[in-house]
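Student: coords please:
(one chain, ligands or ions: 1)
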Amino acid sequence: MSTPTWIDAAAADAVPQDDVIGLAVDGRDIALYGVDGEVFATDNICTHGHARLCDGFLDGHEIECPLHQGKFDIRDGRPMCAPVTDALRTYPVKIEGGRIFIAVA
Ligand code: FES
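Tutor: Residues are numbered from 1 along each chain as shown. Reported below is the predicted structural model:
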């Protein structure tokens, strides 16, 4: 197994609770979500089309795509309803020293 590379993504207080932000991290378009005091990270581009999930609607652990209303579980990226069928990539997250780090392979 390869050791993950942890990338400094944002300040811990930059991610609002029950909301999502999009940002560029190491050349990737990443979405960071704040839910129940935890932070989750996924790719920000929907697997169905070119829509940014940070413009969607977060309900608990589900993000709804703003374009065709497909939904993903942000904890594991699994598609929750049509029209999305492909899983969304998720990233491990850790918070240290007031910063959010995400692991990229
Ligand atoms: Fe996201 Fe179609 S682009 S559901």
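Student: Now the phi/psi pair for the residue positioned nearest the centre of the chain, please.
Tutor: The residue lying closest to the centre of the chain (Cα atoms, centre = their mean) is T42, at 2.8 Å. Here is the backbone geometry of T42 (degrees, to the nearest 10): phi -140, psi 170.
Student: Can you list the low-confidence ranges for this protein?
Tutor: Low-confidence regions of the chain, defined by pLDDT under 70, span residues 1.
Student: Name the residues of it found near the ligand, please.
Tutor: 46, 48-49, 51, 65, 67-68, 70, 83-84 (Cβ under 6 Å from any ligand atom). Placement of C-beta: from N, CA and C, glycine included.
Student: how close does A103 get to H50?
Tutor: A103 sits 25 Å away from H50, going by Cβ to Cβ, to the nearest Å.
Student: Which one of those two is surrounded by more residues?
Tutor: Ranked by neighbour count (other Cβ atoms under 10 Å), A103 and H50 place A103 first, with 14 against 7.
Student: what's the spacing between the more buried one and the ligand?
Tutor: 25 Å (Cβ to the nearest ligand atom, to the nearest Å).
Student: now E62
Tutor: Separation of E62 from the ligand (Cβ to the nearest ligand atom): 13 Å.
Student: rewinding a little: isn't the residue nearest to the centre of the chain right up against R28?
Tutor: No. Judged on Cβ atoms under 8 Å, T42 makes no contact with R28 at a distance of 10.5 Å.
Student: Need the overlap of contacts for these two.
Tutor: Shared contacts of T42 and R28 (Cβ atoms under 8 Å, 6 or more residues apart in numbering): none.
Student: on that earlier part again, is the residue nearest to the centre of the chain in a bridge, and if so with what?
Tutor: Taking DSSP bridges, one finds A31, T90 as the beta-bridge partners of T42.
Student: so who does it touch?
Tutor: Shown in contact with T42 (Cβ under 8 Å, 6+ apart): 30-31, 33, 53, 63, 72, 74, 77, 88-91.
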